[in-house]
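Student: fold the following for me, if possible:
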Amino acid sequence: MANLTFVPDSGKTGTTRLTLDQISDEVKTDVEEVYKALKANPGRMRVSFPSVGELNAYEAQMKAYCELRPSGPLAYRKSPSRKLSPTNPNGLKDTEMEFRISDVPAANADTVAINGAVADVKAAAKK
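Tutor: Okay, the predicted model is just below:
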């Protein structure tokens, strides 16, 4: 028999609860440069580090800065990994990742209407 465990939602996901002061100037500069480069030339960026821990710390700071950016938030998306393997010699090492940084898409009228309808259904279900 399966062992099920309830895991409550922790609110907004994706942020590591960092403040702007906790994000290194190097990461802030990198995000701005990558954003500018990808805006001019659509694609993705690849970054590599000596260790997985350094990569994870860098990614956490990048995601937080994209959300907290003083001149407006940016959309951050880590590309699906294609791990290095005998069948995929061009894949990424554990210490590498590819990502995109772009403008946050504006909500269109359909999205706003759908979100409103979902909120109405949730409110009705609570009654």
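
Student: so G72 lies in a strand, does it not?
Tutor: No. According to DSSP: H, G, I helix; E, B strand; the rest coil, the state of G72 is coil, so it is not within a strand.

Student: please report how far the nearest residue to it once chain neighbours are set aside lies from N41.
Tutor: Distances taken as Cβ to Cβ, 6 or more residues apart in numbering put V104 closest to G72, at 7.7 Å, once the chain neighbours are dropped. Any C-beta I mention is one placed from the backbone N, CA and C, and that applies to glycine too. When distance is defined by Cβ to Cβ, to the nearest Å, V104 is 20 Å away from N41.

Student: which one's more surrounded, these two?
Tutor: Between V104 and N41, counting by other Cβ atoms under 10 Å, V104 is the more crowded of the two (12 against 7).

Student: touching, the more buried one and R77? I think so.
Tutor: No. With the criterion set as Cβ atoms under 8 Å, V104 and R77 do not qualify as a contacting pair; they are 11.2 Å apart.

Student: what about the strands in this structure?
Tutor: Along the chain, the stretches classed as strands by DSSP state E are 45-48, 74-78, 96-103.

Student: pull out the buried residues from the longest one.
Tutor: In terms of neighbour count (16 or more other Cβ atoms under 10 Å), strand 96-103 has its buried residues at E96, M97, E98, F99, R100, I101.

Student: nearest to Y35, out of those: which one, please.
Tutor: Using Cβ to Cβ, I101 comes nearest to Y35 of the buried residues of strand 96-103, at 4.7 Å.

Student: do you know how far that closest one is from K36?
Tutor: Computed as Cβ to Cβ, the I101 to K36 distance reads 9 Å.

Student: ok, E59 next?
Tutor: Counting by Cβ to Cβ, the gap between E59 and K36 amounts to 20 Å.
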